[in-house]
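A.B. asks: make a model of this:
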Amino acid sequence: MNRIITLLSCWLLLSFVCTSVVFAQQVFTLEEALQQAEEQNYDIRIARNDVAIARADYSIGNAGFLPTVDASAGYTGTLSNTEQSFLSGQTNEVDGALTTRTSAGVNMNWSLFEGLGRNATLDRLKQEFEQQEQTEQSTKEAVIGDVILLYYDLVRQQEQRAVFEEAVTLSEERLRIAELRRDLGSASELEVRQAQLDLNTDRVNLLRQETTLSNAKASFNQLLVRPLNLDYAVEDTIPVGPIEALDVLNNQALAQNSLLRISEKDRMIAGIQIREIKSEWLPSLSASTGYNYSDLSAESGFLLSNQSTDFTYGLSLNLGLFDGFNRRRRLSNAMIRQSNADLVIESIRTQIESNVSRTYQNFLNSRQTVSIEQESVVLALQNVNTALERFELGDITSIELREVQEALTRARSLLLFAQYEAKQAEVELHRLTGRLLR
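C.D. replies: Next comes the predicted model:
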């Protein structure tokens, strides 16, 4: 009775193994990973806190539109020994004389006009807040992109383990057939030993893949801020979706790329800083008012006590006439920074168009490679099935069977790698076009 492992039986065996793993380990989906990354990843949390700081800084008080009010109070006491001589010849000596002074007051200062500098400052704070939001989005895109790629790398490594498990199964069947042929006198002991050596090689490859998969899971857990030794299973496929035409992708990237939008905010902030510096050439007008109370008591001297309450108010006009050409220097530097911001934007635009074009071509090539490798896997499976039958009949040698077996392992591995490369290109295109978070 033939015990050849056919194509169907191979897949039934692997399906049983994979199903057992799924039931033993809960499948950790990509959606769950993305949600956990957004909640726990350190970079995202830091970026979120930076947005909160920028939001708090964007206020009319921080821009200088509101008055400042200060309250003060004080008490001092002095003990003194006094000896006084008057023109009349009279003298007065006091030992341990106590003098006390009590004061309290409330004062307000309000800048009424600063050459429109406050308006420019408020605009700058707004742009810095919006820029920080764009930075947060860019950080999220980077983290989410890493999560997606690491997740599908886990899928690849998990499926690569299944490939090596299949290789071990085939090598075990080859060893069984070799031993059977040896017992029947149609094969030598050398052929059996070679089958055992190849089986050992496949087992070592499987153990090494287990280590690679375990390390990949630990890295993924670190990214998601999970216990490093937490074990789990992932999905078993690497889906690759459709992509729009190149010109559509370029237009989307130039309109929505987060790095480009951050650079555009840099240019706007540089322009506002020019306005802030120019406002310093104009006069500033401020108002002040206050209410103060003072009480003085003395046991020596001519004045025994003095109480006063004062209400003050006033206007102050200030015009800076000369500051050692510092304003001119700062204005010149601000204009240079604005010019540099324009250059950075043009550089990023060129880089984005180049990256989109290159990644798009990589995606097309990888997708075609996937189709070719899928066909190669089908052919390799058919070859293995045929080779096993011929090997049991003695029509081919053990070395020839091994070559066919290795071709199947290589074809499966190349298919997994091609699928992962296509997913890499797809994720990068989504990141470049600002659609990764949608």
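A.B. asks: immediately after whichever strand or helix holds Asn340, which helix or strand?
C.D. replies: According to DSSP states H and E, Asn340 maps onto helix 326-393. From helix 326-393 onward toward the C-terminus, using DSSP H and E, the following helix or strand is helix 398-432.
A.B. asks: quick check: mean pLDDT of that next one?
C.D. replies: For helix 398-432, the mean pLDDT works out to 94.
A.B. asks: could you do stretch 80-97 as well?
C.D. replies: Averaged over stretch 80-97, pLDDT sits at 72.
A.B. asks: what values do phi and psi take at Gln132?
C.D. replies: According to degrees, to the nearest 10, the main-chain angles of Gln132 amount to phi -70, psi -30.
A.B. asks: wait, what's in contact with it?
C.D. replies: By C-beta atoms under 8 Å, 6 or more residues apart in numbering, Gln132 lies in contact with 50-51, 53-54. All C-beta atoms are positioned from the backbone trio N, CA, C, and that covers glycine.
A.B. asks: 7 Å instead, please
C.D. replies: Neighbouring residues of Gln132 by C-beta atoms under 7 Å, 6 or more residues apart in numbering: 50-51, 54.
A.B. asks: same check on Val163?
C.D. replies: By C-beta under 7 Å, 6+ apart, the residues touching Val163 are 409, 412-413.
A.B. asks: among those residues, which one has the most neighbours?
C.D. replies: In terms of neighbours by other C-beta atoms under 10 Å, the contacts of Val163 top out with Arg412 at 22 neighbours.
A.B. asks: isn't it up against Ser376?
C.D. replies: No. Arg412 is not in contact with Ser376 according to C-beta atoms under 7 Å; the separation is 9.0 Å.
A.B. asks: for the helix holding Asn340, packing partners?
C.D. replies: Counting contacts by 3 or more C-beta pairs under 7 Å, 6 or more residues apart in numbering; DSSP states H and E, helix 326-393 packs against helix 117-184, helix 246-256, helix 258-279, helix 398-432.
A.B. asks: switch those over to CSV; also include distance to Ile44.
C.D. replies: Listed next are the helices and strands packed on helix 326-393 as CSV, based on distance: least, C-beta to C-beta, whole Å:
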stretch, distance to Ile44
helix 117-184, 6
helix 246-256, 20
helix 258-279, 14
helix 398-432, 15
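A.B. asks: between those helices, which one is nearest to Gln382?
C.D. replies: For Gln382, the closest of the helices and strands packed on helix 326-393 is helix 398-432, at 9.7 Å, according to C-beta to C-beta.
A.B. asks: how near is the spatially most central residue of the chain to Thr91?
C.D. replies: The chain has Thr139 as the residue nearest its centroid, 3.4 Å off, counting by C-alpha atoms, centre = their mean. Separation of Thr139 from Thr91 (C-beta to C-beta, to the nearest Å) stands at 82 Å.
A.B. asks: next: Arg358.
C.D. replies: Distance, Arg358 to Thr91, by C-beta to C-beta: 102 Å.
A.B. asks: so these two - more neighbours on which side?
C.D. replies: Comparing Arg358 with Thr91 by other C-beta under 10 Å, the one with more neighbours is Arg358, at 12 against 9.
A.B. asks: what's the spacing between stretch 208-216 and its chain's center?
C.D. replies: The chain centre lies 25 Å from the centre of stretch 208-216; the measure is C-alpha atoms, centre = their mean, to the nearest Å.
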